[in-house]
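Novice: Provided below for reference: sequence and predicted model.
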Amino acid sequence: ARKAALAASTGPGATADGHKVPLLANVGGPSDVPAALEAGAEGVGLFRTEFLFLDDSKNAPSEEKQVEAYRQVLEAFPEGRVVVRVLDAGADKPLDFLTPADEPNPALGVRGLRTLLDHPDVLRTQLTALAKASEGLPVYLEVMAPMVADRADARAFADACREAGLRAKFGAMVEIPSAALRARSILQEVEFLSLGTNDLAQYTFAADRQVGAVSRLQDPWQPALLDLVALSAEAAKAEGKSCGVCGEAASDPLLACVLTGLGVTSLSMGSASIPYVRATLAKYTLAQCERAAAAARAADGADEARSAAQAVLSGE
Ligand code: PEP
Ligand code: MG
(Lines give C-alpha, C1' and ligand atoms only; values in the text may rest on other atoms or scores of the structure.)
(Ligands and ions follow the chains in the order given, each with its own letter.)
Protein backbone atom coordinates (compact mmCIF):
# COMPACT_ATOMS: atom_id res chain seq x y z
CA ALA A 1 0.00 0.00 0.00
CA ARG A 2 2.88 2.30 0.88
CA LYS A 3 4.48 1.63 -2.50
CA ALA A 4 1.24 2.36 -4.32
CA ALA A 5 0.83 5.62 -2.43
CA LEU A 6 4.33 6.65 -3.40
CA ALA A 7 3.87 5.68 -7.03
CA ALA A 8 0.76 7.85 -7.11
CA SER A 9 2.88 10.62 -5.70
CA THR A 10 3.89 12.70 -8.68
CA GLY A 11 3.41 16.26 -9.78
CA PRO A 12 3.64 19.47 -7.81
CA GLY A 13 3.38 19.46 -4.04
CA ALA A 14 -0.07 20.39 -2.75
CA THR A 15 -2.50 19.73 0.08
CA ALA A 16 -5.65 17.65 -0.52
CA ASP A 17 -7.59 20.85 -1.28
CA GLY A 18 -5.04 22.11 -3.78
CA HIS A 19 -3.02 24.59 -1.72
CA LYS A 20 0.34 24.50 -3.53
CA VAL A 21 3.55 23.92 -1.59
CA PRO A 22 6.46 23.56 -4.02
CA LEU A 23 8.70 20.62 -3.08
CA LEU A 24 12.32 21.45 -3.80
CA ALA A 25 15.58 19.58 -3.45
CA ASN A 26 18.62 20.28 -1.29
CA VAL A 27 21.71 19.67 -3.43
CA GLY A 28 25.41 19.89 -2.74
CA GLY A 29 26.50 20.11 -6.38
CA PRO A 30 25.81 18.87 -9.91
CA SER A 31 26.18 15.21 -8.86
CA ASP A 32 23.00 15.47 -6.75
CA VAL A 33 20.90 16.71 -9.67
CA PRO A 34 19.84 13.31 -11.14
CA ALA A 35 18.30 12.19 -7.83
CA ALA A 36 16.43 15.51 -7.58
CA LEU A 37 15.00 15.08 -11.07
CA GLU A 38 14.13 11.45 -10.37
CA ALA A 39 12.18 12.49 -7.25
CA GLY A 40 10.26 15.08 -9.27
CA ALA A 41 11.69 18.07 -7.41
CA GLU A 42 10.14 21.32 -8.65
CA GLY A 43 13.51 22.98 -8.41
CA VAL A 44 16.32 23.41 -5.93
CA GLY A 45 15.54 25.08 -2.62
CA LEU A 46 19.05 24.89 -1.21
CA PHE A 47 22.17 24.59 -3.31
CA ARG A 48 24.98 24.30 -0.77
CA THR A 49 27.99 25.74 -2.61
CA GLU A 50 30.58 24.70 -0.02
CA PHE A 51 31.64 21.64 -2.07
CA LEU A 52 33.38 23.93 -4.59
CA PHE A 53 35.69 25.20 -1.88
CA LEU A 54 36.82 21.83 -0.55
CA ASP A 55 39.43 20.97 -3.22
CA ASP A 56 41.92 23.66 -2.34
CA SER A 57 42.66 24.54 1.28
CA LYS A 58 44.43 27.80 0.41
CA ASN A 59 42.41 29.51 -2.32
CA ALA A 60 38.84 30.13 -3.40
CA PRO A 61 37.82 28.36 -6.64
CA SER A 62 38.24 30.43 -9.81
CA GLU A 63 35.29 32.28 -11.29
CA GLU A 64 35.39 29.95 -14.34
CA LYS A 65 35.21 26.82 -12.21
CA GLN A 66 32.24 28.25 -10.32
CA VAL A 67 30.39 29.34 -13.48
CA GLU A 68 30.69 25.78 -14.81
CA ALA A 69 29.31 24.14 -11.65
CA TYR A 70 26.46 26.62 -11.22
CA ARG A 71 25.49 26.32 -14.87
CA GLN A 72 25.24 22.54 -14.63
CA VAL A 73 22.72 22.84 -11.81
CA LEU A 74 20.79 25.75 -13.34
CA GLU A 75 20.46 24.03 -16.71
CA ALA A 76 18.87 20.99 -15.10
CA PHE A 77 15.79 23.00 -14.06
CA PRO A 78 14.63 24.99 -17.06
CA GLU A 79 11.69 27.16 -16.01
CA GLY A 80 12.18 25.87 -12.45
CA ARG A 81 13.40 27.61 -9.36
CA VAL A 82 16.97 27.31 -8.14
CA VAL A 83 17.92 28.83 -4.80
CA VAL A 84 21.67 29.10 -4.43
CA ARG A 85 23.18 29.72 -1.03
CA VAL A 86 26.45 31.62 -1.07
CA LEU A 87 29.34 30.07 0.80
CA ASP A 88 28.58 29.06 4.37
CA ALA A 89 32.07 28.64 5.85
CA GLY A 90 32.94 28.36 9.52
CA ALA A 91 31.67 26.45 12.59
CA ASP A 92 30.72 22.96 11.37
CA LYS A 93 32.07 23.83 7.88
CA PRO A 94 35.53 25.40 8.51
CA LEU A 95 37.77 26.46 5.62
CA ASP A 96 41.48 26.93 6.39
CA PHE A 97 41.97 30.13 4.46
CA LEU A 98 38.78 31.84 5.62
CA THR A 99 37.88 30.60 9.09
CA PRO A 100 39.73 32.12 12.06
CA ALA A 101 41.66 29.35 13.85
CA ASP A 102 41.59 30.80 17.34
CA GLU A 103 37.92 31.31 18.10
CA PRO A 104 36.73 30.02 21.48
CA ASN A 105 33.20 29.40 20.09
CA PRO A 106 33.29 28.89 16.32
CA ALA A 107 29.50 28.54 16.08
CA LEU A 108 29.23 32.01 17.60
CA GLY A 109 32.15 33.44 15.64
CA VAL A 110 32.91 34.46 12.11
CA ARG A 111 30.88 32.11 9.95
CA GLY A 112 28.36 32.22 7.12
CA LEU A 113 27.67 35.73 5.82
CA ARG A 114 30.07 37.16 8.43
CA THR A 115 32.95 35.36 6.71
CA LEU A 116 31.93 36.73 3.32
CA LEU A 117 31.59 40.30 4.58
CA ASP A 118 35.15 39.97 5.94
CA HIS A 119 36.29 38.64 2.54
CA PRO A 120 34.32 40.73 0.02
CA ASP A 121 36.48 39.45 -2.86
CA VAL A 122 35.26 35.88 -2.25
CA LEU A 123 31.63 37.02 -2.17
CA ARG A 124 32.07 39.19 -5.28
CA THR A 125 33.60 36.33 -7.29
CA GLN A 126 30.78 34.01 -6.27
CA LEU A 127 28.04 36.50 -7.16
CA THR A 128 29.70 37.38 -10.47
CA ALA A 129 29.98 33.68 -11.30
CA LEU A 130 26.27 33.25 -10.54
CA ALA A 131 25.39 36.23 -12.73
CA LYS A 132 27.37 34.73 -15.61
CA ALA A 133 26.07 31.20 -15.08
CA SER A 134 22.43 32.31 -15.21
CA GLU A 135 22.83 34.58 -18.23
CA GLY A 136 20.45 33.61 -21.02
CA LEU A 137 18.85 30.76 -19.04
CA PRO A 138 15.08 30.75 -18.41
CA VAL A 139 15.66 29.54 -14.85
CA TYR A 140 14.29 31.50 -11.95
CA LEU A 141 17.43 32.19 -9.90
CA GLU A 142 17.29 33.12 -6.23
CA VAL A 143 20.40 33.74 -4.17
CA MET A 144 20.47 33.70 -0.38
CA ALA A 145 22.89 34.37 2.42
CA PRO A 146 23.43 32.04 5.39
CA MET A 147 23.48 33.29 8.99
CA VAL A 148 21.80 36.67 8.52
CA ALA A 149 21.44 38.22 11.99
CA ASP A 150 19.75 41.55 11.33
CA ARG A 151 18.67 44.13 8.78
CA ALA A 152 22.22 45.49 8.37
CA ASP A 153 23.40 42.00 7.35
CA ALA A 154 20.53 41.67 4.87
CA ARG A 155 21.29 45.10 3.40
CA ALA A 156 25.02 44.35 3.05
CA PHE A 157 24.19 41.15 1.18
CA ALA A 158 21.60 42.80 -1.10
CA ASP A 159 24.09 45.61 -1.87
CA ALA A 160 26.75 43.04 -2.82
CA CYS A 161 24.26 41.26 -5.11
CA ARG A 162 23.32 44.53 -6.84
CA GLU A 163 26.96 45.56 -7.21
CA ALA A 164 27.74 42.23 -8.90
CA GLY A 165 24.96 42.92 -11.43
CA LEU A 166 23.05 39.83 -10.35
CA ARG A 167 19.58 39.60 -11.85
CA ALA A 168 17.95 37.39 -9.28
CA LYS A 169 15.87 37.55 -6.15
CA PHE A 170 18.00 38.05 -3.04
CA GLY A 171 17.02 36.33 0.18
CA ALA A 172 18.05 35.76 3.76
CA MET A 173 18.25 32.51 5.64
CA VAL A 174 16.60 32.54 9.03
CA GLU A 175 19.01 30.53 11.17
CA ILE A 176 19.42 32.85 14.15
CA PRO A 177 16.50 33.65 16.49
CA SER A 178 17.13 37.41 16.04
CA ALA A 179 16.31 37.03 12.34
CA ALA A 180 12.99 35.33 13.08
CA LEU A 181 12.08 37.90 15.74
CA ARG A 182 12.82 40.78 13.36
CA ALA A 183 11.84 39.11 10.10
CA ARG A 184 9.75 42.05 8.90
CA SER A 185 12.69 44.40 9.24
CA ILE A 186 14.94 42.00 7.31
CA LEU A 187 12.28 41.75 4.60
CA GLN A 188 12.69 45.49 3.95
CA GLU A 189 16.02 44.54 2.33
CA VAL A 190 15.41 41.15 0.71
CA GLU A 191 12.68 39.43 -1.25
CA PHE A 192 12.37 36.09 0.50
CA LEU A 193 13.20 34.11 3.62
CA SER A 194 14.38 30.54 3.95
CA LEU A 195 14.40 28.87 7.34
CA GLY A 196 17.51 26.82 8.11
CA THR A 197 15.97 24.84 10.91
CA ASN A 198 19.17 22.92 11.74
CA ASP A 199 21.00 26.05 12.81
CA LEU A 200 17.86 27.76 14.05
CA ALA A 201 17.37 24.87 16.51
CA GLN A 202 21.03 25.01 17.51
CA TYR A 203 20.89 28.71 18.31
CA THR A 204 17.43 28.67 19.89
CA PHE A 205 18.31 25.93 22.36
CA ALA A 206 22.03 26.67 22.79
CA ALA A 207 22.56 23.06 21.71
CA ASP A 208 25.48 22.34 19.39
CA ARG A 209 24.22 20.43 16.34
CA GLN A 210 27.37 18.29 16.41
CA VAL A 211 27.02 17.18 20.03
CA GLY A 212 24.95 14.02 20.36
CA ALA A 213 24.47 14.50 24.10
CA VAL A 214 22.19 17.49 23.46
CA SER A 215 20.32 16.01 20.49
CA ARG A 216 17.01 16.10 22.41
CA LEU A 217 17.13 19.88 22.05
CA GLN A 218 17.85 19.67 18.33
CA ASP A 219 14.43 18.10 17.71
CA PRO A 220 12.65 20.35 15.18
CA TRP A 221 9.29 19.50 16.78
CA GLN A 222 10.21 21.69 19.75
CA PRO A 223 7.33 24.17 20.10
CA ALA A 224 9.76 27.08 20.59
CA LEU A 225 11.20 26.34 17.16
CA LEU A 226 7.69 26.13 15.68
CA ASP A 227 6.96 29.56 17.20
CA LEU A 228 9.96 31.05 15.39
CA VAL A 229 8.87 29.40 12.14
CA ALA A 230 5.40 30.90 12.59
CA LEU A 231 6.81 34.38 13.28
CA SER A 232 8.91 34.23 10.11
CA ALA A 233 6.08 32.93 7.94
CA GLU A 234 3.65 35.53 9.29
CA ALA A 235 6.15 38.33 8.62
CA ALA A 236 6.64 37.14 5.05
CA LYS A 237 2.90 36.95 4.49
CA ALA A 238 2.44 40.48 5.83
CA GLU A 239 5.10 41.70 3.40
CA GLY A 240 3.69 39.70 0.48
CA LYS A 241 6.89 37.64 0.26
CA SER A 242 7.75 33.96 0.51
CA CYS A 243 9.19 31.97 3.40
CA GLY A 244 10.44 28.44 2.73
CA VAL A 245 12.07 25.82 4.92
CA CYS A 246 15.31 24.17 3.79
CA GLY A 247 16.48 22.51 7.02
CA GLU A 248 16.01 18.84 7.93
CA ALA A 249 12.60 19.63 9.42
CA ALA A 250 11.09 19.76 5.92
CA SER A 251 11.93 16.09 5.29
CA ASP A 252 9.68 14.75 8.08
CA PRO A 253 6.32 14.20 6.30
CA LEU A 254 4.18 14.94 9.36
CA LEU A 255 6.23 18.00 10.27
CA ALA A 256 6.02 19.15 6.64
CA CYS A 257 2.22 19.31 7.10
CA VAL A 258 2.66 21.29 10.30
CA LEU A 259 5.11 23.70 8.63
CA THR A 260 2.56 24.19 5.85
CA GLY A 261 -0.06 24.91 8.50
CA LEU A 262 2.28 27.52 10.02
CA GLY A 263 2.32 29.35 6.68
CA VAL A 264 5.56 28.17 5.14
CA THR A 265 5.39 28.57 1.34
CA SER A 266 7.84 25.91 0.08
CA LEU A 267 9.71 22.91 1.45
CA SER A 268 13.23 21.90 0.43
CA MET A 269 14.78 18.60 1.48
CA GLY A 270 17.08 15.76 0.52
CA SER A 271 15.64 14.28 -2.68
CA ALA A 272 14.94 10.86 -1.13
CA SER A 273 12.30 12.43 1.15
CA ILE A 274 10.33 14.25 -1.56
CA PRO A 275 7.95 11.38 -2.53
CA TYR A 276 7.06 10.74 1.12
CA VAL A 277 6.41 14.39 1.86
CA ARG A 278 4.39 14.79 -1.34
CA ALA A 279 2.21 11.75 -0.54
CA THR A 280 1.56 12.84 3.06
CA LEU A 281 0.79 16.45 2.21
CA ALA A 282 -1.71 15.30 -0.42
CA LYS A 283 -3.74 13.52 2.27
CA TYR A 284 -4.66 16.60 4.31
CA THR A 285 -6.35 19.92 3.65
CA LEU A 286 -4.73 23.23 4.49
CA ALA A 287 -7.27 23.69 7.30
CA GLN A 288 -6.23 20.33 8.81
CA CYS A 289 -2.57 21.33 8.55
CA GLU A 290 -3.39 24.60 10.32
CA ARG A 291 -5.19 22.76 13.12
CA ALA A 292 -2.27 20.33 13.47
CA ALA A 293 0.12 23.29 13.62
CA ALA A 294 -1.93 24.99 16.33
CA ALA A 295 -2.05 21.77 18.35
CA ALA A 296 1.72 21.29 18.04
CA ARG A 297 2.42 24.86 19.14
CA ALA A 298 0.15 24.43 22.16
CA ALA A 299 2.27 21.49 23.38
CA ASP A 300 5.05 21.74 25.95
CA GLY A 301 7.65 19.56 24.31
CA ALA A 302 8.69 17.94 21.06
CA ASP A 303 7.17 14.48 21.67
CA GLU A 304 3.91 15.99 22.85
CA ALA A 305 3.82 18.31 19.82
CA ARG A 306 4.32 15.36 17.47
CA SER A 307 1.54 13.33 19.13
CA ALA A 308 -0.81 16.31 19.16
CA ALA A 309 -0.31 16.94 15.43
CA GLN A 310 -0.65 13.23 14.70
CA ALA A 311 -3.93 13.09 16.66
CA VAL A 312 -5.40 16.04 14.74
CA LEU A 313 -4.40 14.64 11.36
CA SER A 314 -5.65 11.13 12.05
CA GLY A 315 -8.96 12.60 13.22
CA GLU A 316 -8.71 11.28 16.79
C1 PEP B 1 20.26 24.73 8.28
O2 PEP B 1 21.04 25.20 9.12
O3 PEP B 1 19.13 24.28 8.56
C4 PEP B 1 20.65 24.67 6.86
C5 PEP B 1 19.78 24.35 5.92
O6 PEP B 1 21.96 24.91 6.55
P7 PEP B 1 23.14 23.87 6.89
O8 PEP B 1 22.54 22.61 7.38
O9 PEP B 1 23.92 23.72 5.63
O10 PEP B 1 23.89 24.63 7.94
MG1 MG C 1 22.73 26.37 8.43
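Specialist: Happy to help now that I have it. Everything numeric here is computed off the predicted structure, so don't read it as measured data. Ligands and ions are numbered 1, 2, ... in the order given.

Novice: So, low pLDDT: which residues of the stretch 1-150 of the chain?
Specialist: Within the stretch 1-150 of the chain, the segments meeting pLDDT under 70 span 1-8.

Novice: Tell me where the protein has strands.
Specialist: 23-27, 43-48, 81-85, 140-145, 169-174, 192-195, 242-245, 266-269 (DSSP state E).

Novice: Quick one, which of the ones you listed gets closest to ligand 2.
Specialist: strand 169-174 (6.7 Å; Cβ to the ion). All C-beta atoms are positioned from the backbone trio N, CA, C, and that covers glycine.

Novice: Okay, now the sheet partners of that closest one, with direction.
Specialist: strand 140-145 (parallel), strand 192-195 (parallel) (DSSP bridges).

Novice: tell me the most buried of these?
Specialist: strand 192-195 (a mean of 27; mean count of other Cβ atoms under 10 Å).

Novice: Tell me if it is near ligand 1.
Specialist: No. For a cut-off given as Cβ under 6 Å from any ligand atom, strand 192-195 has no contacts with ligand 1; the smallest distance is 7.3 Å.

Novice: That strand vs ligand 2: in contact?
Specialist: No. Strand 192-195 stays clear of ligand 2 (Cβ under 5 Å from the ion), getting no nearer than 9.8 Å.

Novice: How far away from the center of its chain is that strand?
Specialist: 7 Å (Cα atoms, centre = their mean, to the nearest Å).

Novice: List of residues touching it?
Specialist: Here strand 192-195 makes contact (Cβ atoms under 8 Å, 6 or more residues apart in numbering) with 45-46, 83, 142, 144, 169, 171-175, 180, 183, 186-187, 229, 232, 235-236, 241-247, 249, 264, 268.

Novice: 7 Å - rerun?
Specialist: Contact partners of strand 192-195, identified using Cβ atoms under 7 Å, 6 or more residues apart in numbering, comprise 83, 142, 144, 169, 171-174, 183, 187, 229, 232, 236, 241-247.

Novice: do the same with stretch 13-32
Specialist: With Cβ under 7 Å, 6+ apart, stretch 13-32 has contacts from 12, 33, 36, 39, 41-48, 51, 69, 72-73, 81, 246, 260, 266-271, 274, 277-278, 281-286, 289.

Novice: Give the ChimeraX command for selecting the buried subset of these.
Specialist: Restricted to buried positions by 16 or more other Cβ atoms under 10 Å, the ChimeraX selection for those reads:
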select :33,36,39,41,42,43,44,45,46,47,48,51,69,73,81,246,260,266,267,268,269,270,271,274,277,278,281,282,284,286,289
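
Novice: residues contacting the residue nearest to residue 129 when sequence neighbours are not counted?
Specialist: Closest residue to residue 129 apart from its sequence neighbours, by Cβ to Cβ, 6 or more residues apart in numbering: residue 66 at 3.6 Å. If you count contacts by Cβ under 7 Å, 6+ apart, residue 66 has them with 52, 126, 129.

Novice: ok, how many other residues are close to the first one?
Specialist: I take that to be residue 52. 21 (other Cβ atoms under 10 Å).

Novice: check the contacts of stretch 13-32 against ligand 1, which are close?
Specialist: The subset of the contacts of stretch 13-32 within reach of ligand 1, by Cβ under 6 Å from any ligand atom, is 46, 48, 246.

Novice: I'd like the distance between the second one and residue 29.
Specialist: This means residue 48. Distance from residue 48 to residue 29, counting by Cβ to Cβ, to the nearest Å: 8 Å.

Novice: How about residue 165?
Specialist: 24 Å.

Novice: Show me which of those two is the more surrounded one.
Specialist: Between residue 165 and residue 29, counted using other Cβ under 10 Å, the more crowded position is residue 29 (17 against 10).

Novice: Settle this for me: residue 36 is touching residue 269, isn't it.
Specialist: No. Applying Cβ atoms under 7 Å, one finds residue 36 not in contact with residue 269, separated by 10.2 Å.

Novice: joint contacts of those two?
Specialist: By Cβ under 7 Å, 6+ apart, no residue touches both residue 36 and residue 269.

Novice: Give me the contact list for stretch 212-221.
Specialist: So stretch 212-221 is in contact with 197, 201-202, 205, 207-209, 248-249, 255, 296, 302, 305-306, going by Cβ under 7 Å, 6+ apart.

Novice: cutoff 6 Å now
Specialist: Stretch 212-221 has contacts (Cβ atoms under 6 Å, 6 or more residues apart in numbering) with 197, 201, 205, 207, 209, 249, 302, 305-306.
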